[in-house]
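In: take this sequence and fold it.
(2 chains)
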2 protein chains.
Amino acid sequence: MRLAELSERSGVSTATIKYYLREGLLAPGRQVNATTADYDESQLRRLRLVRALIQVGRVPVATAREVLGHVDDESLGRTIRLGAALWALPQEPEPDDQDPAVRSARREVDQLLADLGWETARELAPLSPVHRSLVAAVATLIRLGYSWDAELLTPYAELMHQVAVRDLDHLETHTSDAERVETAVASAVLFEPVLRALHRLAQEQESARRYGIE
Amino acid sequence: MRLAELSERSGVSTATIKYYLREGLLAPGRQVNATTADYDESQLRRLRLVRALIQVGRVPVATAREVLGHVDDESLGRTIRLGAALWALPQEPEPDDQDPAVRSARREVDQLLADLGWETARELAPLSPVHRSLVAAVATLIRLGYSWDAELLTPYAELMHQVAVRDLDHLETHTSDAERVETAVASAVLFEPVLRALHRLAQEQESARRYGIE
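Out: Down below sits the predicted model:
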């Protein structure tokens, strides 16, 4: 397809597509003649991903380039490729272990992973920004006097594991590895707000079921 | 307790506490003499909630005042009181029904609520910012070419309902209605990052279980 069609099907203006091409976020089309290039479905898919990262996820251009580098690196194993892309997304800062709330949180998260038998998550913990985010989030709860421990967190972790099983089942409906990794990255940005809204809607529904609406 | 102790136990500086008092986010202490006031446990709890909203949730002061007004309004029923507080938190903008992706999303969300039998959520839909957020989030997925429909969303909604059941069970461990409402509001701000991190960690773990780490 030509640039105009790529723009129409992706909802991204031609000026923005040209900017993404210049920034190396999108590979150049196949040159048909001096002024015309041809684009295929994989480029449309990539363009949607770039838009998800930049316009919806508010990821800076340099970070988006790094994420896409991991997405494209076929030398990496699938878990690392999925993880490496997610790891490059904006994360919370490193929690400060001088803070007693952080030390408590780290203890509770370690206990949680041990109780769940999540061995990989434990092995990856020193490297993983996801682990770091969890420690930081639990530390904030503890610091503000809301006491959360491994025992309270376990059932939530188990439910989120069921969510993750569905996520990966859904990814496996895609045929190519490239599509799977791209969809995983897009979902990390786009699907979080859906889950958050479903959670709040479910709270509303369950509250009404228990206490009625007066 | 005196101001100094309130500051130490809450981790909020005395200058910030004085600011919250001036802004009417915290009720004045009981005046002991011309220069000294006395604070109780309920004020410590309230101060933690104010900090959760403003410092962690980045809620503007005027919005925090509005949220706390709902929290304190005992004339409201419990579902409304929980909901009214959440409803005052920052929300996504109204989705634009001129946009075909928004119309598709609204159709799928309506179908989802019908399939789930969530009657209250359907009744509250025209008023609820939570419903609006869900429509907006699904519309973004659809607009970027990731086709999500009611059927795909249903199992996620059912899992988030199980999460909501746990949330409310946890709230019911608090004895007073004031504490329940305060905890619900604090959780809406503080617990979302925990859930998101648990979700990503579960994805990492499940991916490693399926595909290994090469």
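In: against B:Ala105, how distant is A:Arg132?
Out: Distance, A:Arg132 to B:Ala105, using C-beta to C-beta, to the nearest Å: 33 Å. Placement of C-beta: from N, CA and C, glycine included.
In: domains of chain A?
Out: Domain assignment of chain A by automatic domain parsing yields the ranges A:3-81, A:100-211.
In: so how far is the last one off the chain centroid?
Out: Relative to the chain's own centre, domain A:100-211 is displaced by 12 Å; criterion: C-alpha atoms, centre = their mean, to the nearest Å.
In: picking up where we left off before, what's the most buried one of the domains of chain A?
Out: Ranked by mean neighbour count, the domains of chain A are led by domain A:100-211 with a mean of 19 (mean count of other C-beta atoms under 10 Å in any protein chain shown).
In: between the two ends of it, how far is it?
Out: End-to-end distance of domain A:100-211 (C-alpha to C-alpha, to the nearest Å): 38 Å.
In: then stretch A:23-39?
Out: End-to-end span of stretch A:23-39 (C-alpha to C-alpha): 17 Å.
In: touching that stretch from outside, list them.
Out: Contacts with stretch A:23-39, where a contact means C-beta atoms under 8 Å, 6 or more residues apart in numbering or on different chains, come from A:1-3, A:5-6, A:17, A:20-21, A:40, A:43, A:46-47, A:50, A:54, A:61, A:64-65, A:68.
In: try it again at 6 Å.
Out: Residues outside stretch A:23-39 that contact it (C-beta atoms under 6 Å, 6 or more residues apart in numbering or on different chains): A:1, A:6, A:20, A:46-47, A:50, A:61, A:64.
In: and for stretch A:164-175?
Out: With C-beta under 6 Å, 6+ apart, stretch A:164-175 has contacts from A:180, A:183-184, B:155, B:202-203, B:206.
In: all helices of chain A, in order?
Out: Listed in chain order, the helices of chain A (DSSP state H) span A:3-10, A:14-22, A:41-51, A:61-72, A:78-87, A:100-116, A:119-124, A:129-143, A:150-171, A:177-211.
In: ok, which of these comes nearest B:Arg78?
Out: helix A:177-211 (4.4 Å; C-beta to C-beta).
In: so for that closest one, mean pLDDT?
Out: For helix A:177-211, the mean pLDDT works out to 86.
In: turn the contacts of stretch A:23-39 into CSV, including pLDDT.
Out: Shown next, in CSV, are those (pLDDT from 0 to 100):
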residue, pLDDT
A:Met1, 91
A:Leu6, 93
A:Tyr20, 94
A:Arg46, 90
A:Leu47, 91
A:Val50, 91
A:Val61, 91
A:Ala64, 89
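In: max pairwise distance over these: which two?
Out: Among those, A:Met1 and A:Val61 lie farthest apart (C-beta to C-beta), at 24.5 Å.
In: about what we covered before: can you tell me which two in the contacts of stretch A:164-175 are farthest apart?
Out: Across these, no pair lies farther apart than A:Arg180 and B:Pro155, at 19.4 Å, counting by C-beta to C-beta.
In: give the contact list for the spatially most central residue of chain A.
Out: Nearest to the geometric centre of chain A sits A:Ala188, at 2.3 Å (C-alpha atoms, centre = their mean). Contacts for A:Ala188 were tallied using C-beta under 6 Å, 6+ apart; they are A:Leu86.
In: distance of it from A:Ala88?
Out: For A:Ala188, the distance to A:Ala88 equals 10 Å [C-beta to C-beta].
In: check A:Leu198 too.
Out: Using C-beta to C-beta, which is the criterion applied here, A:Leu198 is 26 Å from A:Ala88.
In: apart from its neighbours in sequence, what residue is nearest A:Gly29?
Out: A:Ala37 (3.1 Å; C-beta to C-beta, 6 or more residues apart in numbering or on different chains).
In: my bad, should have said A:Val50
Out: Using C-beta to C-beta, 6+ apart and skipping the chain neighbours, the partner closest in space to A:Val50 is A:Leu25 (4.9 Å).
In: please see if the lowest-mean-pLDDT helix or strand in chain A touches chain B.
Out: Sorting the helices and strands of chain A by mean pLDDT, DSSP states H and E puts helix A:78-87 at the bottom, at a mean of 73. Yes. Remark: helix A:78-87 sits within contact range of chain B at A:78-79, A:82-83, by C-beta under 6 Å from any C-beta of the partner chain.
In: just the closest of these to A:Asp149, please.
Out: A:Gly83 (27.1 Å).
In: can you give me the neighbour number for that closest one?
Out: By the criterion of other C-beta atoms under 10 Å in any protein chain shown, A:Gly83 has 26 neighbours.
In: so A:Ile213 touches B:Thr79, yeah?
Out: Yes. Using C-beta atoms under 6 Å, A:Ile213 makes contact with B:Thr79 at a distance of 5.2 Å.
In: show the pLDDT at A:Leu153.
Out: So A:Leu153 comes in at 94 (pLDDT).
In: ok, and the closest non-adjacent residue to it?
Out: The nearest residue in space to A:Leu153 (C-beta to C-beta, 6+ apart) is A:Leu112, at 5.1 Å.
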